[in-house]
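**Q** Got a predicted model here, sequence first, then my questions.
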Amino acid sequence: MKTINIVLGLLLVALLAWFLAARQRQMRASVADRDSIAYWAAARLLIDHQDPYSSPSVLALQRGQGYHAEKPLVLRTPPWSLWMVLPLGWLNAYWAWVFWLAVLLTSLFLSMRLSWRMYGEGIRPPSVFLLAGYLFAPVPACLVAGQFGLVLLLGIVLFFVFAERHPWLAGAVLLIPFAKPHLFTLLWPVLAIWIASRKKWTMAAGFALAFSSSVAIAWAFDPAVFSHYREMLRQASIQFEFIPAISGVVRLIFFRRFFWAQFLPMVAAFGWSAWYYWKNCDIWTWKNHGPALLVVSVLTTPYAWMTDETILLPAILQAVLWMYQARAKLTLSSQLVIFTFACLDLLLLLLLRAKIPFATGIYFWSSLVWVSWYWYAQRFRPAMTRSLD
């Protein structure tokens, strides 16, 4: 049986490769519309020892792939994240997109499997677990856009898995979510306190080694990469952009002219995270308490898009299993609440199907849905695992 499964798997891979090769001309036209073209352009420039953040150079490469917008899609993640996109530079834009899509799908599959190992019981997850995971609206949004989110998801899930028994590996994999540190703003100070209080210096060493190695890789290809990154941020003028997140909407409505107002929700969230950790520090485990930090971090971050919300999948699945385990006790009102959340997720999927751009701001409320779902599900959390929050 194992041999048959391997043969079938190889046949499916061969069939997929043939399909992609046969449809290459038709599918190539859509490559320029994916955010992954920014990763490919940065990697191609980096391999040629050029500035991966140069707008003119990036635009020239993207124009050659059928990109028509006036403003280029420039990679905005910091230099220590460049190692993740570097392999794309050895491929053409089309096969780089195919490779990146494979990375995203693999990250999603592994994250689902690992989440079940963390929170589930038994060999196979129930259908509701799979449906909630694969139909979680930010997941298809990330796949369609070719964004980073699912890779960040795998990084944070691996950290939750390794944190207790493999601290060195846990520290090393934190380099992945550190590619977008602003999405995990509440995690970093709590993690620093947790490391110091529990003397988890091995974890800190793992992160330090991974971080220094990633910086060395970036420097090897572009010795001035950090100055190039700072110049890109200066030219991008992010402070004048509308960010379709709660913080961006708050600023737009009440403090349009003041960029600092976009950080107000995050500042308030720091106070909450300090209280949350203080209440639970004696029983703290990252796989059980980390998801709460994630949902509040994404809700209050000053810079986020819907595709970034894929990192909340562990929290969503954790809440789904709480509900599933208590299904026999669910009242009619609880069932209606669950149905409402399912409808809101479906609405987001329909908006995605309509191809409404993320920059319009129509998706800004999605993070409110996820945090509301997570905190509503807390009441069904098993008593033996209930924290003091």
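**A** On my side now, so go ahead.
**Q** Just after the one helix or strand Cys343 maps to, pick out the following helix or strand.
**A** Per DSSP states H and E: Cys343 is located in helix 332-353. On the C-terminal side of helix 332-353, the nearest following helix or strand under DSSP H and E is helix 366-377.
**Q** for the host helix or strand of Asn288, packing partners?
**A** Element membership for Asn288, per DSSP H and E: helix 286-300. Contact here means 3 or more CB pairs under 8 Å, 6 or more residues apart in numbering; DSSP states H and E; on that basis helix 286-300 packs against helix 149-162, helix 187-198, helix 246-254, helix 264-280, helix 313-325, helix 366-377. For glycine as for every other residue, the C-beta is placed from the backbone atoms N, C-alpha and C.
**Q** Mind listing what's buried along stretch 66-74?
**A** 67, 72-74 (16 or more other CB atoms under 10 Å).
**Q** Of those, which is the nearest to Leu348?
**A** Using CB to CB, Leu73 is the member of the buried residues of stretch 66-74 that lies nearest Leu348, at 23.1 Å.
**Q** Surely the closest one and Ser36 touch.
**A** No. At 9.2 Å, Leu73 does not count as touching Ser36 under the criterion of CB atoms under 8 Å.
**Q** Can you give me the neighbour number for Leu186?
**A** Residue neighbour count, defined by other CB atoms under 10 Å, stands at 27 for Leu186.
**Q** ok, now Arg234?
**A** 9.
**Q** okay, it: pLDDT?
**A** You'll see Arg234 listed with a pLDDT of 87.
**Q** and what of Leu186?
**A** 95.
**Q** low pLDDT regions in this protein?
**A** 1-30, 32, 237-242, 252-254, 256, 260, 383-389 (pLDDT under 70).
**Q** Point to the residue nearest the middle of it.
**A** Gly149 (2.8 Å; CA atoms, centre = their mean).
**Q** That residue is in contact with Cys142, isn't it?
**A** Yes. With contact defined as CB under 8 Å, Gly149 reaches Cys142; the gap is 4.1 Å.
**Q** mind listing what the residue nearest to the centre of the chain touches?
**A** 138, 142, 307-311 (CB atoms under 8 Å, 6 or more residues apart in numbering).
**Q** Need the residues that contact the one helix or strand Ser227 maps to.
**A** If you go by DSSP H and E, Ser227 is part of helix 225-236. The contact list for helix 225-236, computed with CB under 8 Å, 6+ apart, reads 51-55, 74, 76, 78-79, 82, 218-219, 222.
**Q** Now do the buried residues in it.
**A** Buried residues in helix 225-236 (16+ other CB under 10 Å): 225, 228-229, 232.
**Q** gap between it and the chain center?
**A** Taking CA atoms, centre = their mean, to the nearest Å, one finds the center of helix 225-236 at 23 Å from the center of the full chain.
**Q** Could you do stretch 106-116 as well?
**A** 13 Å.
**Q** List the buried residues of that stretch.
**A** 107-108, 111-112, 114-116.
**Q** Number of residues surrounding Met203?
**A** 24.
**Q** picking that back up, including secondary structure and distance to Gly206, could the buried residues of stretch 106-116 go into a markdown table?
**A** Converted to a markdown table, the buried residues of stretch 106-116 look like this (DSSP: H, G, I helix; E, B strand; the rest coil; distance: CB to CB, whole Å):
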| residue | secondary structure | distance to Gly206 |
| --- | --- | --- |
| Ser107 | helix | 20 |
| Leu108 | helix | 25 |
| Ser111 | helix | 20 |
| Met112 | helix | 25 |
| Leu114 | helix | 18 |
| Ser115 | helix | 22 |
| Trp116 | helix | 25 |
